[in-house]
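Trainee: based on what follows, work out the 3D shape:
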Amino acid sequence: MSVITIFSGSFCRGDEIAAKVARTLQFEYAGQELLEATSRRFPFPVEKLARVMHSSPSLFNNVTRERERGVAYLKAGLAEYLRNGNIVYHGFAGLLLPPELKHILRVCIVADRDFRVQTAVSDLQVSESKASRIIENDDIERCRWSQYLHRLGPWDKKLYDIKIPVHEISVDDAARMICENEKKLHLHLADDVKQVMDDFVLAAQVNVALVEKGYDFDITCRQGNVTITITKYKWRWDRLQKKVNELAAAVAGVKTVEIRTEPGYDQSPADKYDFDVHPKVLLVDDEKEFVLTLSERLQMRNIQSQVVYDGEQALHFVQNEEPDVVILDLMMPGIHGIDVLRQLKQDHPHIEVIILTGHGTEKDQILAEELGAFAYLQKPVDIDKLSKTMKEAYRKIQERSSASHTL
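Mentor: Predicted structure coming up:
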């Protein structure tokens with residue numbers, strides 16, 4: 001039940017090599033298929049799974065914990081996908097597999113700069129300078145991912161069993177080398193490979209159960225006995241132990257749960273966050289001192305926010321990081337707040353917009369309400385009133401979401 005994972009630099013012919021290895025060994029070949037299977041199983045779209053691996057964390061990640069959930073889902077999806085073996089997987093997710101899985105052959109495909117640039121020029125029909133910029137960005141993605149998971153560079157030999165420079169050998173020779181190493185690995189597989197893989201699957205499932213409730217800990221499993229290692233001090237330790245134990249024990253297949261701390265663990269504040277309670281908030285106002293002060297005052301009430309200073313920035317922001325609630329000024333340079341509201345409700349109708357202005361008119365208020373603004377408030381505003389209004393707006397979003405799931 002061998003598994004081969006291939007992690008490659010861009011324009012290193014990794015996809016060709018992986019496909020050829022799969023054909024030669026008559027293994028299943030998986031890449032994008034893993035993301036699709038994971039997305040079908042968990043409430044996380046394919047594009048978000050890809051973003052978790054390829055992009056910087058969302059500006060709202062401290063609220064959504066999107067990266068932590070995405071990694072947990074990817075690990076669980078990968079564990080299930082590879083459970084029965086005889087698979088060649090090419091992609092970023094291979095770096096999620098722990099070293100104790102000895103039946104996995106970990107391959108890294110690299111090439112020198114000239115080879116990659118010329119390959120990119122040929123494949124994409126772009127200039128060498130454009131190809132170089134693309135490769136630089138691709139390498140940054142890979143470095144960010146490997147540093148996040150292992151605190152190592154993406155090409156570090158500690159992460160792989162074999163490393164193949166394709167500027168020195170052909171695709172056929174690279175595939176042949178991988179197949180030969182797989183045969184050697186297969187001869188030395190331990191009898192407990194299936195049990196070890198089953199334990200990894202179970203640990204990944206426990207990880208999902210905890211991460212979905214806001215807990216992100218190190219989890220291992222041996223023959224159904226789960227060990228959860230907490231590396232940071234948590235408030236209300238007894239309550240934490242009880243809650244984590246209950247969540248882990250409820251996962252099918254778990255026999256026992258042990259919770260422990262590492263020697264010298266970091267005594268820092270709790271890392272739990274309840275995704276279902278706090279909205280993602282965008283503040284849009286050209287009065288910088290006012291809006292930054294507002295952001296700080298909201299943070300004191302456990303409401304995290306991002307700040308932009310005009311309508312154009314706001315419209316650009318929501319294309320990449322969609323908030324739940326927007327607090328919007330009307331009188332700003334460039335695009336008027338009413339036009340921003342109109343565009344937001346047209347392109348993102350589920351975002352709730354609260355107008356907060358010091359210069360609006362009764363006509364503006366009527367128009368804003370007609371366009372779908374959740375509320376219309378005047379500056380100066382009482383912070384408690386604003387907080388209450390924001391929470392009411394978010395409650396409306398949650399109720400709408402619950403209703404759509406029921407239907």
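Trainee: can you give the domain ranges for the chain?
Mentor: 3-187, 193-266, 281-406 (automatic domain parsing).
Trainee: JSON lines please, covering the ones you listed and showing mean neighbour count and mean pLDDT.
Mentor: Quick note: C-beta positions are derived from backbone N, CA and C, even for glycine. Shown next, in JSON lines, are the domains of the chain (neighbours: other C-beta atoms under 10 Å; pLDDT from 0 to 100):
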{"stretch": "domain 3-187", "mean neighbour count": "18", "mean pLDDT": "93"}
{"stretch": "domain 193-266", "mean neighbour count": "17", "mean pLDDT": "88"}
{"stretch": "domain 281-406", "mean neighbour count": "17", "mean pLDDT": "89"}
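Trainee: and L187, how far from R106?
Mentor: 17 Å (C-beta to C-beta, to the nearest Å).
Trainee: ok, Q313 next?
Mentor: The spacing between Q313 and R106, counted by C-beta to C-beta, is 43 Å.
Trainee: ok, L386 next?
Mentor: From L386 to R106 the distance is 52 Å (C-beta to C-beta).
Trainee: now do S146
Mentor: Computed as C-beta to C-beta, the S146 to R106 distance reads 12 Å.
Trainee: where do the contact lists of those two overlap?
Mentor: L159 (C-beta atoms under 8 Å, 6 or more residues apart in numbering).
Trainee: where along the stretch 101-250 of the chain do the helices fall?
Mentor: Along the stretch 101-250 of the chain, counting by DSSP state H, counting those that start in this stretch, helices occupy 113-124, 128-150, 171-187, 193-211, 237-249.
Trainee: P98: which of those helices is closest?
Mentor: helix 193-211 (6.7 Å; C-beta to C-beta).
Trainee: tell me what that closest one is packed against?
Mentor: Packing partners of helix 193-211 (3 or more C-beta pairs under 8 Å, 6 or more residues apart in numbering; DSSP states H and E): helix 66-81, strand 218-222, strand 225-232, helix 237-249.
Trainee: any idea of the angle it forms with strand 225-232?
Mentor: 40 degrees (axes from the mean of the first three to the mean of the last three C-alpha atoms, to 10 degrees).
Trainee: which residues sit against helix 193-211?
Mentor: Contacts for helix 193-211 (C-beta under 8 Å, 6+ apart): 1, 42, 65, 68-69, 72-73, 75-76, 78-80, 82-83, 85, 97-98, 100-103, 190, 216-217, 219-224, 226, 228, 244, 247-248, 250-254.
Trainee: likewise for stretch 104-120?
Mentor: Stretch 104-120 is contacted from outside by 2-14, 17, 82, 94, 97, 126, 128, 131-132, 134-135, 155, 159-167, 174, 178, 181-182, 185, using C-beta under 8 Å, 6+ apart.
Trainee: so how far is that stretch off the chain centroid?
Mentor: Centroid separation for stretch 104-120 versus its chain: 25 Å, with C-alpha atoms, centre = their mean, to the nearest Å.
Trainee: hmm, back to that, for A375, find the nearest of the helices and strands packed on helix 193-211.
Mentor: Closest approach to A375 among the helices and strands packed on helix 193-211 (C-beta to C-beta): helix 66-81, 27.3 Å.
Trainee: now do the contacts for the residue lying closest to G311 once chain neighbours are set aside.
Mentor: Leaving aside its sequence neighbours, G311 sits nearest to I335 (C-beta to C-beta, 6 or more residues apart in numbering; 3.3 Å). I335 sits next to D310, G311, E312, L315 when contact means C-beta under 8 Å, 6+ apart.
Trainee: picking up where we left off before, got a markdown table for the helices and strands packed on helix 193-211, with distance to V201 too?
Mentor: Formatted as a markdown table, those follow (distance: least, C-beta to C-beta, whole Å):
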| stretch | distance to V201 |
| --- | --- |
| helix 66-81 | 4 |
| strand 218-222 | 9 |
| strand 225-232 | 12 |
| helix 237-249 | 14 |
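Trainee: out of the ones you listed, which gets nearest to G360?
Mentor: Taking those one by one with C-beta to C-beta, helix 66-81 is closest: 34.5 Å.
Trainee: strand partners (parallel or antiparallel) of the helix or strand following that closest one?
Mentor: Sequence order places strand 87-90 as the next helix or strand after helix 66-81, per DSSP states H and E. Paired neighbours of strand 87-90 in the sheet (DSSP bridges): strand 3-8 (parallel), strand 28-30 (parallel).
Trainee: okay if I get those strands as JSON lines plus distance to K379?
Mentor: Below are the strands paired with strand 87-90 laid out as JSON lines (distance: least, C-beta to C-beta, whole Å):
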{"stretch": "strand 3-8", "distance to K379": "53"}
{"stretch": "strand 28-30", "distance to K379": "55"}
